[in-house]
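S.K.: let's see this in three dimensions:
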Amino acid sequence: METPRVTLTDNDRDVLCQTLKSGMNSHPVLIDSEAWLRHAAATAKHLPDTLYAALREFRRDSKDSGAVIVDGFPVDTLGALPTPVVYNSVRREVTQETLALMASLSILGDAVAYEGEKHGALVHDIVPVAGYKNTQSNAGSEAFALHIENAFHQHRPDFVLLLCLRQGPCGEAKHRLAAVRRAVRTLKPDVVEVLFEDRFQTMPPPSFDDGGRPPSHAVFSGALEDPDICIDVAYTTGRDEAAQSALLDLSRSLDEVSEVIALSPGQLVVIDNRVTLHGRTPFTPLYDGRDRWLLRAFCKSDIRASRTARRHDGRRVGEFV
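M.R.: Numbers count the residues shown, from 1 in each chain. I've put the predicted structure just below:
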């Protein structure tokens, strides 16, 4: 089964562009300010009904795929600029793309960032960086293993949003999605039982500052027939032989149900980080300003749950656990 798609009509795009233009004119401040985040949430009320309804429904039920792709976002402002080439590149200033991204995010919940990653910024540039080619990170360009974002963290995001600004000159880089709702149907009951037990450990990726060794955790949690998943294939290990064997079975099942998609400029993919993993196929970057460029943002549907890890009730999540 393919990931569901929502295509904005010409009228939807006209409404969206007018909404963004009005939003840009009325509140030109930095993305990370609380006042601007409130403004982005208010802007969401004027987004096209097609977009608003699709994201509200996705928040309630992300369905079998745990992901949705929306076609038709304007990317003219940032899309006309060279792809960034520096490590830890982020967006601080408001553009129509960042407003569209954060207004859409506010329909799903609240924006959060992580102090240990990309300077705690709310909007990240996902681009290849020279010197990081072979890393399992968002700056790399080798095959990126399937993972949920921040699997090592107690307060990982509920939703991940990726807006494509540029595909890259050769179109090699493609996104991978794998839904646990599809994979779990192929697993034996005894394997599922092991995956529900605290017999696994996940280390932080290299894009994070070192925060020590996280505690043991289960890969599956919640409902037996519809579990949440916590795994980063590159960094999660079993703490005993049976646990490691169960991980290998799960990884094979995830590969079997995975879908490869080529994101085009103006496409937004929203991922339910609780049930769907994502990754990337390998590609050859040129580091010349024309490489693949995505904007990324994280969302919590219940930001209150992470209150103890957010100083002064801010948006930046601190402690790893």
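S.K.: check the offset of stretch 280-291 from the chain's centre.
M.R.: 19 Å (C-alpha atoms, centre = their mean, to the nearest Å).
S.K.: do the same with stretch 126-135
M.R.: So, by C-alpha atoms, centre = their mean, the centroid of stretch 126-135 is 18 Å from its chain's centroid.
S.K.: residues making contact with it?
M.R.: By C-beta atoms under 8 Å, 6 or more residues apart in numbering, the residues outside stretch 126-135 that reach it are 83-87, 89, 138-142, 162, 206, 283, 285, 287, 291-296. Placement of C-beta: from N, CA and C, glycine included.
S.K.: of those, grab the buried ones for PyMOL.
M.R.: PyMOL command restricting the contacts of stretch 126-135 to the buried ones, with burial defined by 16 or more other C-beta atoms under 10 Å:
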select buried, resi 83+84+85+89+138+139+140+141+142+162+283+285+291+292+293+294+295+296
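S.K.: just the ones of the contacts of stretch 126-135 in strands?
M.R.: 162, 293, 294, 295, 296 (DSSP state E).
S.K.: residue contacts, the first one?
M.R.: Put plainly, it is residue 162. By C-beta under 8 Å, 6+ apart, residue 162 lies in contact with 126, 175, 263, 268, 269, 271, 294, 295, 296.
S.K.: one more: the fourth one?
M.R.: Applying C-beta under 8 Å, 6+ apart to residue 295 gives the contacts 78, 91, 97, 98, 101, 123, 124, 125, 126, 162, 163, 165.
S.K.: can I get these in JSON lines with secondary structure?
M.R.: Compiled in JSON lines, these are given as follows (DSSP: H, G, I helix; E, B strand; the rest coil):
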{"residue": "78", "secondary structure": "helix"}
{"residue": "91", "secondary structure": "strand"}
{"residue": "97", "secondary structure": "helix"}
{"residue": "98", "secondary structure": "helix"}
{"residue": "101", "secondary structure": "helix"}
{"residue": "123", "secondary structure": "strand"}
{"residue": "124", "secondary structure": "strand"}
{"residue": "125", "secondary structure": "strand"}
{"residue": "126", "secondary structure": "strand"}
{"residue": "162", "secondary structure": "strand"}
{"residue": "163", "secondary structure": "strand"}
{"residue": "165", "secondary structure": "strand"}
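S.K.: excluding its backbone neighbours, what's nearest residue 208?
M.R.: Leaving out its chain neighbours, the residue that sits closest to residue 208 by C-beta to C-beta, 6 or more residues apart in numbering is residue 116, at 4.4 Å.
S.K.: what segments of the chain are helices?
M.R.: Listed in chain order, the helices of the chain (DSSP state H) span residues 10-26, 34-44, 49-60, 76-79, 96-108, 180-183, 189-195, 241-257.
S.K.: counting by contacts, list what the first one packs against.
M.R.: Looking back up the chat, that one is helix 10-26. helix 34-44, helix 49-60, helix 96-108 (3 or more C-beta pairs under 8 Å, 6 or more residues apart in numbering; DSSP states H and E).
S.K.: tell me where the stretch 201-321 of the chain has strands.
M.R.: 220-223, 226-229, 236-238, 259-261, 267-272, 276-280, 293-300, 316-317 (DSSP state E, counting those that start in this stretch).
S.K.: among those, show me which one is buried the most.
M.R.: strand 267-272 (a mean of 26; mean count of other C-beta atoms under 10 Å).
S.K.: of the contacts of residue 295, closest to residue 315?
M.R.: Nearest to residue 315 among those is residue 123, at 11.5 Å by C-beta to C-beta.
S.K.: and the pLDDT at the nearest residue to the closest one once chain neighbours are set aside?
M.R.: Leaving aside its sequence neighbours, residue 123 sits nearest to residue 91 (C-beta to C-beta, 6+ apart; 4.0 Å). pLDDT, residue 91: 96.
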